[in-house]
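Novice: A predicted structure for the sequence below; I have some questions about it.
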Amino acid sequence: MSERNPPIDGPTGSISGSEGDDELRFRDPEKADALADRLAEIGDELDDPPATVMHVCGSHEQSIAKFGLRSLLPDTVNLVMGPGCPVCVTNMPEVDEAVALAEKGVTIATYGDMLKVSGTAKSLDDVRSEGADVRVVYGTQDAVELAEDLDGEVVFFATGFETTAAPTAAVIRDDPPENFSVLSAHKYIPPAMEIVAEMPDTEIDGYLAAGNAAIITGHGIFDGLVDRHGLPVVVGGFEPLDILAGLVKLVEHVRDGDQTVENAYPRCVTRDGNRVAKEQLWDVFEAVGGEWRGIAHIPNANLQLRDEYAEYDASKRFDVDASYLREQSGSRLLHDCICGDIMAGAADPTDCRLFGEACTPADPVGACMVSSEGTCKIWHEYGGRPDL
Ligand code: SF4
């Protein structure tokens, strides 16, 4: 069996990733029921139930909610979401810098999800309605093409984890136009998992790591986390059966007290990841400490352009001073937002007094209600806790 398409051996047999294979059935209810039964069996064997396991990806939460996977989990398994929504962890001063640049007359290009995320006083949507030039793009290359079409300065307000930072790096190395630069709010997820693992209120027993980020980094990146924190990590894919099979593996490791990394997404993830993408990523970016919104200051978890690429670094090119925004007043309701606690696995969206009342997708207060990867927005879409 090739490394590209090996089977995921679940308790009900293999789930093959081979194209055109009859076994390519990621939404088979019988297999889902069998995996749920297996989870219940393992849950009954836990020494200290419930096991609290954390997934670290908005796409995992979307799939869990959409397919009602929490309804299949036994009471002995508590599944919480971690800091896996890049929009949600973008800090207010980072949004302030983009807002200040837009107010200065620079064209800002960014992902649609970023528009309604508030800075200290304003969002990019606010300044756009006041006349600033803020454009929605679907990726870094779109922003480059926009710069090629315009005469003025175009700044790509770049958010996202290593999955989107790698394409940003590739574009910067590809000699973009002189009027193009990047305001990086890119984040790097492994250090955030370590910080969350240390939080006393979180008390997680294991991680279901995001398969998409691990495609870049490789699953070997989690070896250090396992050694330092004694938690099992299972890398999981995004189809319902991927997630259930990953949870079976993870809860087995929790039961057995294993300190190990297991790859439950082998059709996409290898131990070393994408070497070309990693080389580009670390050539352009360096990891520095920074604040993740509502969570903590996290060492080595913000991606900053290296000095060699300073000409493309918008924060250096424009010497942005957004301090005037901190003197303006933003929404007072933001003080009641518990988005940080939710992303640290210490609270659920329904614990927030604003959920579905003062904070809705149409009129969001916190970033978790803005992004399609934010837990509050996902839960709101399903009418509360999405357990059917
Ligand atoms: Fe923040 Fe809104 Fe979620 Fe409450 S419901 S935690 S205010 S995003």
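Specialist: On my side now, so go ahead. Here the structure is a predicted model, which is why all the values come from computation and not from measurement.
Novice: so what's the residue count around Met81?
Specialist: Using other C-beta atoms under 10 Å, Met81 has 28 other residues around it. The way it works is simple: take the backbone N, C-alpha and C, and place the C-beta from them, glycine included.
Novice: ok, Gln328 next?
Specialist: For Gln328, using other C-beta under 10 Å, the count is 11.
Novice: contacting residues for it?
Specialist: For Gln328, the contact set (C-beta atoms under 8 Å, 6 or more residues apart in numbering) comprises 120-122.
Novice: helix, strand or coil: sort out it for me.
Specialist: When classified by DSSP: H, G, I helix; E, B strand; the rest coil, Gln328 comes out as coil.
Novice: how much space separates it from Asp125?
Specialist: Separation of Gln328 from Asp125 (C-beta to C-beta, to the nearest Å): 16 Å.
Novice: what of Phe180?
Specialist: For Phe180, the distance to Asp125 (C-beta to C-beta) stands at 23 Å.
Novice: residues contacting the residue in the stretch 251-388 of the chain that the ligand sits nearest to?
Specialist: Closest approach between the stretch 251-388 of the chain and the ligand, counting by C-beta to the nearest ligand atom: Gly366, at 2.6 Å. Neighbouring residues of Gly366 by C-beta under 8 Å, 6+ apart: 88, 294, 334, 337-339, 352, 354, 359, 376.
Novice: what does Gly290 give?
Specialist: The contact partners of Gly290, taken as C-beta under 8 Å, 6+ apart, are 91, 187, 297-298, 301-302.
Novice: ok so, going back, tell me which of the contacts of Gln328 is nearest to Val284?
Specialist: The shortest gap between Val284 and any of the contacts of Gln328 belongs to Thr120, at 28.5 Å (C-beta to C-beta).
Novice: that closest one - that's part of a helix, no?
Specialist: No - applying three-state DSSP, one finds Thr120 to be coil, outside a helix.
Novice: quick check: it touching Ala98?
Specialist: No - if you go by C-beta atoms under 8 Å, Thr120 and Ala98 don't touch, sitting 11.9 Å apart.
Novice: who's more crowded, the two?
Specialist: The neighbour comparison of Thr120 against Ala98 (other C-beta under 10 Å) goes to Ala98, with 30 against 19.
Novice: nearest residue to the more buried one in space, please, no chain neighbours.
Specialist: Phe157 (4.4 Å; C-beta to C-beta, 6 or more residues apart in numbering).
Novice: how about Met369?
Specialist: Using C-beta to C-beta, 6+ apart, the closest residue to Met369 is Cys376 (4.3 Å).
Novice: ok, now how distant is Lys104 from the ligand?
Specialist: In this view, Lys104 and the ligand are 29 Å apart by C-beta to the nearest ligand atom, to the nearest Å.
Novice: likewise for Ala170?
Specialist: 33 Å.
Novice: what's the residue of the stretch 51-200 of the chain found nearest the ligand sitting at in phi/psi?
Specialist: Residue nearest to the ligand within the stretch 51-200 of the chain: Cys88 (8.1 Å; C-beta to the nearest ligand atom). As for Cys88, its main-chain torsions (degrees, to the nearest 10) stand at phi -70, psi -30.
Novice: quick check: pLDDT value at it.
Specialist: Looking at Cys88, its pLDDT is 95.
Novice: and the most centrally placed residue in the chain, which of the three is it?
Specialist: Nearest to the mean C-alpha position of the chain, by C-alpha atoms, centre = their mean, lies Gly84 at 3.0 Å. Assigned with three-state DSSP, Gly84 falls in the coil class.
Novice: wait, isn't it in contact with Gly160?
Specialist: No - Gly84 lies out of contact with Gly160 (C-beta under 8 Å); the separation is 11.3 Å.
Novice: and stretch 163-180, how far out from the chain middle?
Specialist: Mean-position distance between stretch 163-180 and its chain equals 21 Å (C-alpha atoms, centre = their mean, to the nearest Å).
Novice: kindly report the same for stretch 247-265.
Specialist: The answer for stretch 247-265 is 21 Å, by C-alpha atoms, centre = their mean.
Novice: what's the first-to-last distance across that stretch?
Specialist: 12 Å (C-alpha to C-alpha, to the nearest Å).
Novice: now do stretch 164-183
Specialist: Using C-alpha to C-alpha, the end-to-end distance of stretch 164-183 comes out at 14 Å.
Novice: go on, stretch 99-110?
Specialist: 12 Å.
Novice: ok, residues contacting that stretch?
Specialist: Under C-beta under 8 Å, 6+ apart, the answer for stretch 99-110 is 98, 119, 121-124, 126-128, 132-137, 142-143, 146, 150, 152-159, 183, 314, 318, 320-322, 324-325.
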